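[1] coords please:
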Amino acid sequence: MRIPRGVFLPNLCTLGNGVCGFAALVKILKVDVVREDGVIRFQNPELFATAAWLILLGMVFDVFDGRLARLSGKTSDLGAQLDSFCDLTTFGLAPAALVIGLNRVYGDLWARIVWFFSLAYFLGALLRLARFNVENDHEESAHLCFKGLPSPAAAGCVASLVILHHYVLAFRQRELVWLGGFIQKESLQAAAGWIPFVLPFLALVLGYTMVSIRFKYDHVASRLFNRWQTFETFVYLIFGSLLVFVVPEVVFPAVFIGYLASAPLGALVRRIRRTDRDREPEEVRELPPKVFP
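    Now for the predicted structure:
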């Protein structure tokens, strides 16, 4: 098999994505569980947050490998297959292992539930990527919309919440110390303590959303880079980037969960509008528009 010229750099970016997924899995496996005074806890839970950041870093590589391939005009079937394998590692296996790892200190019954929901997430990512390979088109116009939630966004939902969980429980950042003057530290940490219990149910929802064809999601990177943008969009990007730089632990969960909810909410709004339009009297819909002199 001969590899076309111009695809080496995109393929290296794709491999960077896979390396991030592998490193995230290694970090998750390094988390130790200890028992002290009859209480089971994690000895080094910060490794979960490190694994989550590696998943987000893999998203950066995933964005730029496709962009580089299209800019060079040298997309290939090898690159597409390599991209899917790396995506399955970083956005399928690693988030599922992250959900299971965070719930290792709880009972056996809950562990079985977590395992089942995490498996549903992994199978959703696997089926979604397999379908994408079959339907994939190298043309730029085919990459403006996704059928179902893309696997990097699903992984971002899990990873960003894990980062938020560690961020609040550690309570070291200055903005949290300042916020502690208005809201009790214990209340914030108690709320963040529910994140490991929420993640398995979220994983089940994400697994279904990835394979559902009812929801259409915009390809954000393609729409930003391939179209003329308004000045307002430029301003939003600047201020959004500043927020990410200042408090990424809070902004990332809001962005990913908002993106997850955008398609169902958009479908609901369209259905409500369609229902209201169908309820209009027939004579009202058929009246010609008024013409004013």
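[2] Please count neighbours and contacts with C-alpha atoms only from this point.
    Will do.
[3] the helices in the stretch 101-250 of the chain, which residues?
    All helices of the stretch 101-250 of the chain, identified by DSSP state H, counting those that start in this stretch, fall at 108-135, 151-170, 174-179, 185-192, 195-211, 220-226, 231-246, 248-279.
[4] Show the average pLDDT along the first one.
    If I follow you right, that is helix 108-135. For helix 108-135, mean pLDDT is 91.
[5] what angle do it and helix 151-170 make?
    Helix 108-135 runs at 150 degrees relative to helix 151-170, counting by axes from the mean of the first three to the mean of the last three C-alpha atoms, to 10 degrees.
[6] for helix 108-135, packing partners?
    Counting contacts by 3 or more C-alpha pairs under 8 Å, 6 or more residues apart in numbering; DSSP states H and E, helix 108-135 is packed against helix 77-87, helix 94-102, helix 151-170, helix 195-211.
[7] so which of the helices of the stretch 101-250 of the chain comes closest to V33?
    helix 108-135 (14.4 Å; C-alpha to C-alpha).
[8] tell me which residues in that closest one are buried?
    For helix 108-135, a neighbour-count test (16 or more other C-alpha atoms under 10 Å) marks 111, 114-126, 128-130, 132 as buried.
[9] cool, stretch 31-48 as well?
    Residues of stretch 31-48 classed as buried: 31, 42, 45-48 (neighbour count, 16+ other C-alpha under 10 Å).
[10] Can I get those in JSON lines including secondary structure?
    Converted to JSON lines, the buried residues of stretch 31-48 look like this (DSSP: H, G, I helix; E, B strand; the rest coil):
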{"residue": "V31", "secondary structure": "coil"}
{"residue": "F42", "secondary structure": "strand"}
{"residue": "P45", "secondary structure": "coil"}
{"residue": "E46", "secondary structure": "helix"}
{"residue": "L47", "secondary structure": "helix"}
{"residue": "F48", "secondary structure": "helix"}
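[11] which of the helices of the stretch 101-250 of the chain sits most buried?
    Comparing the helices of the stretch 101-250 of the chain by mean neighbour count (mean count of other C-alpha atoms under 10 Å), helix 151-170 ranks first with a mean of 23.
[12] Any idea how far that one is from the middle of the chain?
    Its chain's C-alpha centre and that of helix 151-170 lie 9 Å apart, by C-alpha atoms, centre = their mean, to the nearest Å.
[13] ok, back up a step: would CSV of the helices and strands packed on helix 108-135 with distance to P253 be doable?
    Putting those into CSV (distance: least, C-alpha to C-alpha, whole Å) gives the following:
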stretch, distance to P253
helix 77-87, 20
helix 94-102, 14
helix 151-170, 5
helix 195-211, 12
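[14] Can I get those helices in a markdown table including mean pLDDT?
    Below are the helices and strands packed on helix 108-135 laid out as a markdown table (pLDDT from 0 to 100):
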| stretch | mean pLDDT |
| --- | --- |
| helix 77-87 | 84 |
| helix 94-102 | 95 |
| helix 151-170 | 93 |
| helix 195-211 | 95 |
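[15] For D218, find the nearest of those.
    Once the helices and strands packed on helix 108-135 are compared by C-alpha to C-alpha, helix 151-170 is nearest, at 11.2 Å.
[16] Give me the contacts around the closest one.
    45-46, 48-49, 52-53, 55-56, 59, 87, 91-92, 95, 99, 125, 128-129, 173, 176, 188-189, 192-193, 195-196, 199, 202-203, 206, 210, 249-250, 252-253, 256-257, 259-260 (C-alpha atoms under 8 Å, 6 or more residues apart in numbering).
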